[in-house]
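Q: Any chance you could fold what I've pasted below:
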Amino acid sequence: MNFEKGHLYHIYNQGNNRQDIFFKSENYLYFLQKIRTHLLPYCDVLAWCLMPNHFHLMVRVNCLEVEFTASPGATLSRTRTDSLQKSIGILLASYTRAINKQEKRSGSLWRKETKAVCLTCPNGIAPSFYNTNAGALINIEQPEEQYPQQCYSYILNNPVKAGLVSRAIDWEYSSARDVTGWRKGSLINQDVIEEYGLVFPI
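A: Now for the predicted structure:
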């Protein structure tokens, strides 16, 4: 994963061998807490969707490294610098430990490589198509302008396309309810969504 400051990214991963990664409601909520802790220091979240065996995040990267200071009660005042890439690894590893303990299992929970696709990079990184598991391609003429909306719509409509619900807002574990005002979630940054002109898919 290579990140550039000021760009939008689609970050996603799925369970190893497509296995489930969320087993009950508390798991989804715990993962969201991990996103808040490990990603918000670096990013604004524009969209998120947690599916039974995978997740999607759309973020704007604001910084690549963050300096953390030990808590005020610590005997030694120490600082450390973590990168966004490392923080994503910590998020997934700590979630894996919790699930392995809960499910009395061991081993890898995730596919080996977490993907991070740049949606706005002007240097040709942003693709002009979206390759789904079913192999569907979405061709667009101006990828840097149109790909963010295509990806935003894809993420929020993922539960509908998977047949889990009939409307995006019916899926509890995505930002669809927040962006439409059905729920007052604070994980997404509505101002940044509007800045990029992203529109909720109908």
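
Q: Residues in a beta bridge with the residue nearest the centre of the chain, which ones?
A: In the chain, the centroid-proximal residue (C-alpha atoms, centre = their mean) is Leu57; its distance is 2.0 Å. Applying DSSP bridges to Leu57 gives these bridge partners: Ile11, Trp48.

Q: Show me what the lowest-mean-pLDDT helix or strand in the chain is packed up against.
A: The weakest-scoring helix or strand in the chain, judged by mean pLDDT, DSSP states H and E, is strand 65-69 (a mean of 80). Applying 3 or more C-beta pairs under 8 Å, 6 or more residues apart in numbering; DSSP states H and E, one finds that strand 65-69 makes contact with strand 79-83. Placement of C-beta: from N, CA and C, glycine included.

Q: For Leu46, give me phi and psi.
A: phi -100, psi -30 (degrees, to the nearest 10).

Q: Got the confidence number for the residue nearest to it when sequence neighbours are not counted?
A: With sequence-adjacent residues excluded and distances taken as C-beta to C-beta, 6 or more residues apart in numbering, Leu46 is closest to Met58, at 4.5 Å. pLDDT, Met58: 97.

Q: if I read this right, Met58 contacts Tyr9, doesn't it?
A: Yes - under the criterion of C-beta atoms under 8 Å, Met58 makes contact with Tyr9 at 7.3 Å.

Q: Quick check: neighbours shared by those two?
A: By C-beta atoms under 8 Å, 6 or more residues apart in numbering, Met58 and Tyr9 have these common neighbours: Leu119.

Q: the more surrounded of these two?
A: Under the neighbour definition other C-beta atoms under 10 Å, Met58 and Tyr9 were set side by side, and Met58 has more, 29 against 26.

Q: Tell me how far the more buried one lies from Val165.
A: Separation of Met58 from Val165 (C-beta to C-beta, to the nearest Å): 19 Å.

Q: cool, Asn17 as well?
A: Here Asn17 is placed at a distance of 25 Å from Val165 (C-beta to C-beta).

Q: neighbour count winner among these two?
A: Val165 (15 against 8).
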